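Colleague: Attaching a predicted model along with its sequence, questions to come.
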Amino acid sequence: MPREFPLEKVRNIGLTAHIDAGKTTTTERILFYTGRLHRMGEVHDGAATMDWMAQEQERGITITSAATTCQWKDNRINIIDTPGHVDFTMEVERSLRVLDGAVVIFCAKGGVEPQSETVWRQADRYRIPRLAFINKMDTVGADFFRVVQMMEDRLGTRPVPVQMPVGAESEFSGIIDLVEMQTTFYDDELGKTSHLEDVPENLADEAMALRNKTLETLAEYDDELMNLYLEEEEIPLELIRRVLRKATIANQVVPVFCGSAYRNQGVQLLLDGVINYLPSPNEVPAIRGVDLRDGTEKIRKPSDDEPLAALAFKIQTDPYVGKLAFFRVYSGIMKAGTYVYNANQDRRERISRIVRLHANHREDVDEVYAGEIAAAVGLKNVSTGDSLCDEDNPIVLESIEVPEPVISVAIEPKTQADEEKLSKSLRSLADEDPTFRISYDEETGQTIIEGMGELHLEIITDRLLREFNVGANVGRPQVAFKETITKEAVGEVRYVRQTGGRGQYGHVKLEIEPLEPGSGFEFEDKITGGVIPREFISHVERGVKQALDTGAVAGYPTLDLRVRLVDGSYHPVDSSDIAFQVAGSLAVKKAIAEADPIILEPVMKVEVVVPADYLGDVLDNLNARRGQVSDLEQTESARLIRAVVPLSEMFGYATVLRSMTQGRATYTMQFLEYRPAPKSVSERVVSRTGTSE
């Protein structure tokens, strides 16, 4: 079957934003105007197409990223609608990894909110070109120019307005195109018919000033436009669009659109912007990876003629078809009924079916071409971040960065019948979500689940009951503490066991030193002269990693340290893999005990929006929670408090804040970093775990 759309007519985009900025509502309108839907569902009614999970419909929030495909003006647009809540940030991370462009939606009233900054940084990391859509221009407090300024101040980007609103709040009535200097007014409530007029006289000067500012910015990126602008000559519209597209794809500017998705205004113009200014797959850098055969770097161009290279970016358990693997094809063609090579797992796997996605509905296709996003049925051993490729041309693509969980709870089955179902269901959920971890506490016999926040674990336990029909009792949330060292130390262990016949011998000397926060773990091999044979060194590292999983202070994982293997010895007969693994484990434990280990606690970036009447009470409460207030901002109707607070002090904060402010204050919280815990907290943690230095 020939390719339906040429590569230059394909757009892979994501919609990202802070919670409640209107992502899902905007996606719903896009699907309606592109003909994928015949009626629009609303988030608040629990009827939005992309929020198909029961938990999403009840809470009115997006929990899992949903993919869909639509057509606009002879172009195919593959869309991923991502969550806005910080607990589901991994859904945004893995979606951005495979996208070529993004539409970042801002609330015209709230502006750049905490999760807006997080998704912006994620997009920066993958160098994804963006458009900005300032939504909710019809709401009370809407201010287009304030949001544009906030983008510049808080995100450090160069916003270039290509539109401006006619009025705001209840007076919002149309959208001025600053490129063509025409105004779109909508004729019906569904926004399907509209007409063009000249710019209203009372806004003509303001619109022209904003247009000149936009042209001044674009002139920096093109000599021809610069000359015409300086000579005050007419600049062709095609040149403006071409320079704007070039600067957007190069991540130098961000075109800014506006409208009200809920009122059906501005979405078609945003779709035009996606086609005009965001890149097709052949306009982004070619994907890089490592050739498994010789370790060299390889490039795969976005072409159907190249060898197959695809990335599995999301796993979903489907009650009807089993495991569904979402993937992006970077090069080559993937065909149903054929075998692919999973380079990460070193396995051949058969793709029984390929489906195009439309939220939780799907349609079968025979093949998927370079630049496309789809899902496969039949891949039994695939995980998030695995590379799927041609077996004769194996390549491992850069995987997806997974944030560490910060909160844990104990979980146990309600009945004997639930016991076996629980472990199987938890494994299925862990396959879907890399930020969800399962472990087993040997001392208490409990199963421990870890996640990104209270809501994350609440959704997991809710899904266990509804989707998997497993009854479970869940304990109180616990903070996922970590440990680290504060000084350098040396650990040397000679592991010798003689039990008749062949013995065990492993001798290891290690040096350890602290690293900068957030550095993780590094292992350096400094062995010279073959005092430890090459084949044993990887086993020393394995033993070290195992030991770091249970720290010396309270049994929490140890991080942010470098371990250097400097010396040792071996026995020609008695040395073995296991002997050096045990020696590495014991040596690093010995060194850590001498390196003044400490406990680290997760601290959160908290933003509270509170009416001025309650400001003092909220500040006092944050101080009592060991919070450090970093900024206090005055908005038109409220105060915005920015603070850093330890996660352990934030449990139950939503209830306290509601009762303290009669339900008028709101807050958002996201993980910032791990910091040394105060002595009182460390002592409490140690006494609770029963571990001591």
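Modeller: Happy to help now that I have it.
Colleague: now the closest residue to residue 591 other than its chain neighbours: how far from residue 508?
Modeller: Nearest in space to residue 591, with sequence neighbours left out and distances taken as CB to CB, 6 or more residues apart in numbering, is residue 491 at 3.0 Å. Glycine gets a C-beta too; all of them are placed from N, C-alpha and C. Using CB to CB, to the nearest Å, residue 491 is found at 8 Å from residue 508.
Colleague: Need the residues touching each of these two.
Modeller: residue 587 (CB atoms under 8 Å, 6 or more residues apart in numbering).
Colleague: Looking at those two, which one has more neighbours?
Modeller: Higher neighbour count among residue 491 and residue 508: residue 508, with 32 against 24, using other CB atoms under 10 Å.
Colleague: pLDDT at that one, what is it?
Modeller: The confidence metric pLDDT takes the value 96 at residue 508.
Colleague: repeat for residue 303
Modeller: Confidence score, pLDDT, at residue 303: 90.
Colleague: For it, give me its contacts.
Modeller: 7, 282, 331-332, 370.
Colleague: Can you classify the residue nearest to residue 591 by secondary structure?
Modeller: Three-state assignment for residue 491 (DSSP: H, G, I helix; E, B strand; the rest coil): strand.
Colleague: So it sits against residue 590, correct?
Modeller: Yes. Counting by CB atoms under 8 Å, residue 590 is a contact partner of residue 491 at 3.8 Å.
Colleague: Not counting sequence-adjacent ones, nearest residue to the residue nearest the centre of the chain?
Modeller: Geometric centre of the chain, nearest residue: residue 93, 2.3 Å, by CA atoms, centre = their mean. Nearest non-adjacent residue to residue 93, counting by CB to CB, 6+ apart: residue 122, 5.8 Å away.
Colleague: now residue 243
Modeller: residue 222 (4.3 Å).
Colleague: Correct me if wrong: that neighbour contacts residue 241.
Modeller: No. In this structure, residue 222 is not within contact of residue 241 by CB under 8 Å, at 11.6 Å.
Colleague: higher neighbour count, the two?
Modeller: residue 222 (18 against 15).
Colleague: pLDDT value on that one, please?
Modeller: On the pLDDT scale, residue 222 is placed at 91.
Colleague: contacting residues for residue 190?
Modeller: With contact taken as CB under 8 Å, 6+ apart, residue 190 is in contact with residue 264.
Colleague: measure it to residue 232 for me?
Modeller: From residue 190 over to residue 232 the distance is 42 Å, taken as CB to CB.
Colleague: Give me the nearest residue to residue 543, chain neighbours excluded.
Modeller: Using CB to CB, 6+ apart, the nearest residue to residue 543 is residue 584, at 3.2 Å.
Colleague: correct me, but that neighbour touches residue 508?
Modeller: Yes. Between residue 584 and residue 508 there is a contact at 5.4 Å, judged by CB under 8 Å.
Colleague: And the next helix or strand past the helix or strand bottoming out on mean pLDDT in the chain?
Modeller: The least trusted helix or strand in the chain, going by mean pLDDT, DSSP states H and E, turns out to be helix 54-59, with a mean of 45. Heading C-terminal from helix 54-59, the first helix or strand you meet, by DSSP states H and E, is strand 66-72.
Colleague: which parts of that following strand are buried?
Modeller: With burial defined by 16 or more other CB atoms under 10 Å, the residues of strand 66-72 counted as buried are 66-70, 72.
Colleague: if we can go back for a sec, tell me the secondary structure for the residue nearest to residue 543?
Modeller: Going by three-state DSSP: residue 584 is helix.
Colleague: before we move on, what about the one 3 residues further on?
Modeller: In three-state terms, and counting by three-state DSSP, residue 587 is helix.
Colleague: quick one: it from residue 573, how far?
Modeller: 22 Å.
Colleague: between those two, which one's more packed in?
Modeller: residue 587 (29 against 9).
Colleague: quick one: that one from residue 509, how far?
Modeller: As judged by CB to CB, residue 587 and residue 509 stand 7 Å apart.
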